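heads up, no residue letters with this:
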C-alpha cells in the first residue's frame, strides 16, 4: 500500500506522457508512450508496482526542490553532512523543439542527471520497473552502456555508465560523487516487436536535457501575456495545462493519473487520463489571454474529428474521448493493486463516457466564443460541428442528465446543465456569422428565452435563498456559482449575491475551502474542491467584493505544493491533497479567478479615480 502524500509529487511531461517524481527523488508513476498507456512505474498505487529512485545513501539529507524557471524540469537539491547533490529530472522534448512545436517529436525518454556541487555525496540508485501497472516482473540484462528490460509489450533501455547489481527484477547501484562529478541516466522504450531502444550517450543526454529546458522556456515566453497579481502562479498554471496536452492530436487530459481517491479508503477512484470536453474547453479559455492559437485550433479539430457523425445521427456528444480520439473507454478494475492508502478498486478506463451531460455543448461553444473570430466563417468541419452542438442544446436542454459532477445515480434536471445549454445558444447567436448560421438565430433566441425563464422560475429557491443543484430542489451545489461566471445574471443581481452567501456559509469548511455539495451519491464525505473555491473567489470578484475574493483565492493557493501544483480536492480533516494529480480543473480555476480579481481591482481603482 502506498503511503506517500499525493502532494509530495512533481509532474514531468513531454506533452505526450507524464511522470510523477517524489521529493525524495523517486519516480513512482510513468506511462509510456502516452498519458493513457500502461504504467511502467506505479508505486503511487501500490508499494510493489514499480519505481526508480535516486537519492543520497545515508537518508538524512535536507531536501529542497523547484522547477527550473520557465520549465517543467525538476531540480531537487540534497544537502548531506558531507556535501550537496543536485538531481535534474525531465521527460525529453524533441530535439530543438520550440514554442508551440513542443511535443511534436518527443522521443519518449525520461532523463535524470545527478551532480555533486560541493563536498562528496554517496548516491543510491534503485531501478525497479514493473510494466503494465505492476503486473509484470520483467527480465533484466546488462548491455553495453546500460540495462535492457524485457517483459510485456515494451522493451526498456536504461542508458548509464553505472554498473548495477541485479536482484531479480530490481537493479541497485551506489556511487560516490565528488564536487564536479556528474552521472546521468536515460530511460527509453520501444515495442517488443521492433528494434531494441538505442543507447543514449552521456553527451546526448546532457545536451537534450539542456535543450528540453530551452524548449519549455520558449513556450513560456510566448505565453507570458498575463500581468497582475499572482503572475508567477498564473504563468506556471499555464505550463501545467500545456503539460497535460497530447500534442499529436491536441487532446487535453484532466489529469495524468488514475485512481487517486476523492476520499481516503473510498471507492471514488477514477481514471482521469482522457480528454473531457468540459475540462479541455475550460483549459482553452484559461489559455486564451496567452493567445494560444495553435492549441485552440488543434483542440477544435481534434473534437470535430473525434465526434464526427455522432451529432448528425442524433447521438449525444460524448462527454469524454481517448486522447487519440477513441470513443470506447470502458472501465475495468486492476485487482492486483491495493490503491493509494488502500483506496480500492484501482480502475483503468472510465464509464462516464456513457453518460449524458448536457453542459458540454455550452462549454464547447463558450470556448469557441472566446477563441475564434466572430466575423469570419470557420473551416467547414469545425463550423459544422459547432452548429450541430448548438442544435443539440436547443433540442435536448429540457432532458434530464447526469450533470457536471457525473453522478452515477438516476438522471436529473440539473441547473448547471440547463445553464450551459443557455450558454450554448447565447454564444451561438453571437457566432452566427462564423458558423454561417444566420438563418438559425431566431430559433436559437427563442429557445434561449425558454431556458432563461425555466432557470429563473424553477432554479431559484426562495426558501433556500439560492439557485440550487436541480430544478425544484433545495440542495445547495457550488456549480450554481456559474450563474454569474457564465454571464447569465450580473454580479449585482440580489439572487446572485444571495447564492454566493449561501454557498459560502453552507459549503465552506473550517479551512475556508468549498465543497461541491454536502453529501455524494455513494455516501462518502469527500474533500473540498479547489475548483469550487476558485469559483467562489471569481464570483466574489464579479460582485465587486475584491477583498473577500482575494482572501478566498489566497486560502486556496495555500494548498498548492512546494512546486506549485494543485490537487483536485483537499481532505477536510488532514488538509492533505486528494484526487488525481495535478488537476487541470484546479489550475483552470486559479487562472480564471486571478484574472477576475485583477480586473475587479482595476475597475474599482478606475472608479475611485473618477470620483476624485
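Perfect, I can see it now. This structure is a prediction, so every number in the text was calculated from the model and none was measured.

max-length helix in the chain?
helix 584-611 (DSSP state H).

what is it packed up against?
Under the contact criterion of 3 or more CB pairs under 8 Å, 6 or more residues apart in numbering; DSSP states H and E, helix 584-611 touches helix 231-243, helix 277-287, helix 530-542, helix 546-557. (C-beta placed from N, C-alpha, C; glycine too.)

next, the buried residues of that helix.
Residues of helix 584-611 classed as buried: 584-598, 600-601 (neighbour count, 16 or more other CB atoms under 10 Å).

what angle do helix 231-243 and it make with each other?
Interaxial angle of helix 584-611 relative to helix 231-243 (axes from the mean of the first three to the mean of the last three CA atoms, to 10 degrees): 140 degrees.

helix 584-611 vs helix 546-557, what angle?
Computed by the same axes, to 10 degrees, the angle separating helix 584-611 from helix 546-557 equals 160 degrees.

please enumerate the helices of the stretch 51-200 of the chain.
Using DSSP state H, counting those that start in this stretch, the helices of the stretch 51-200 of the chain run over residues 131-134.

so which residues of it form strands?
Under the criterion DSSP state E, counting those that start in this stretch, the stretch 51-200 of the chain contains strands at 51-56, 62-67, 74-79, 83-91, 109-128, 139-143, 146-151, 154-159, 165-167, 170-178, 182-191.

and the first one, how far out from the chain middle?
The chain centroid and the centroid of strand 51-56 are separated by 26 Å under CA atoms, centre = their mean, to the nearest Å.

what strands flank it, and is each parallel or antiparallel?
Next to strand 51-56 in the sheet, as set by DSSP bridges, lie strand 26-31 (antiparallel), strand 109-128 (antiparallel).

what does the last one give?
In the sheet containing strand 182-191, the strands it pairs with under DSSP bridges are strand 109-128 (antiparallel), strand 154-159 (antiparallel).

what's around residue 27, how many residues?
By the criterion of other CB atoms under 10 Å, residue 27 has 26 neighbours.

what are the bridge partners for it, then?
Applying DSSP bridges, one finds that residue 27 bridges with residue 21, residue 52.

numbering from 43 from now on, please.
All right, first residue 43 from here; so that's residue 69.

dump the strands of the stretch 93-242 of the chain to TSV, plus distance to residue 490 and mean neighbour count.
Output for those, formatted as TSV (distance: least, CB to CB, whole Å; neighbours: other CB atoms under 10 Å):
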stretch	distance to residue 490	mean neighbour count
strand 93-98	53	24
strand 104-109	44	16
strand 116-121	48	21
strand 125-133	45	23
strand 151-170	50	21
strand 181-185	63	14
strand 188-193	57	20
strand 196-201	51	24
strand 207-209	67	11
strand 212-220	62	16
strand 224-233	51	21
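
could you dump those to a markdown table with mean pLDDT?
A markdown table is the format used below for the strands of the stretch 93-242 of the chain (pLDDT from 0 to 100):
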| stretch | mean pLDDT |
| --- | --- |
| strand 93-98 | 98 |
| strand 104-109 | 97 |
| strand 116-121 | 98 |
| strand 125-133 | 98 |
| strand 151-170 | 98 |
| strand 181-185 | 95 |
| strand 188-193 | 96 |
| strand 196-201 | 97 |
| strand 207-209 | 95 |
| strand 212-220 | 97 |
| strand 224-233 | 97 |
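
between those, which one is nearest to residue 494?
Nearest of the strands of the stretch 93-242 of the chain to residue 494, taken as CB to CB: strand 104-109 at 44.9 Å.

ok, and what's touching stretch 361-374?
Contact with stretch 361-374 is made by 76-78, 288, 290-291, 293, 295, 313, 315-320, 344-345, 347-349, 360, 389-395, 397, 399, 402, 448, as judged by CB atoms under 8 Å, 6 or more residues apart in numbering.

tell me the helices in the stretch 393-542 of the chain, going along the chain?
Counting by DSSP H, counting those that start in this stretch, the helices of the stretch 393-542 of the chain are 401-413, 422-438, 457-472, 483-496, 524-527, 536-548.

out of those helices, which comes closest to residue 61?
The closest of these to residue 61 is helix 401-413. By CB to CB, the value is 28.7 Å.

other residues contacting that closest one?
319-320, 323-324, 326-327, 330, 338, 342, 345, 359, 361, 428, 431-432, 434-435, 443, 445-446, 458-459, 461-466, 469-470, 472-473, 476, 528.

how far off centre is stretch 576-592?
23 Å.

what residues sit buried inside it?
So stretch 576-592, judged by 16+ other CB under 10 Å, has buried residues 576-585, 587-588, 590-592.

ok, stretch 614-625 next?
Neighbour counts over stretch 614-625 (16+ other CB under 10 Å) mark 614, 618-625 as buried.

ok, which pair from the residues you listed is furthest apart?
Once CB to CB is applied, the buried residues of stretch 614-625 give 614 and 624 as the farthest pair, at 20.2 Å.

avg pLDDT for the longest helix of the chain?
For helix 626-653, mean pLDDT rounds to 87.

fine by me, we can end here.
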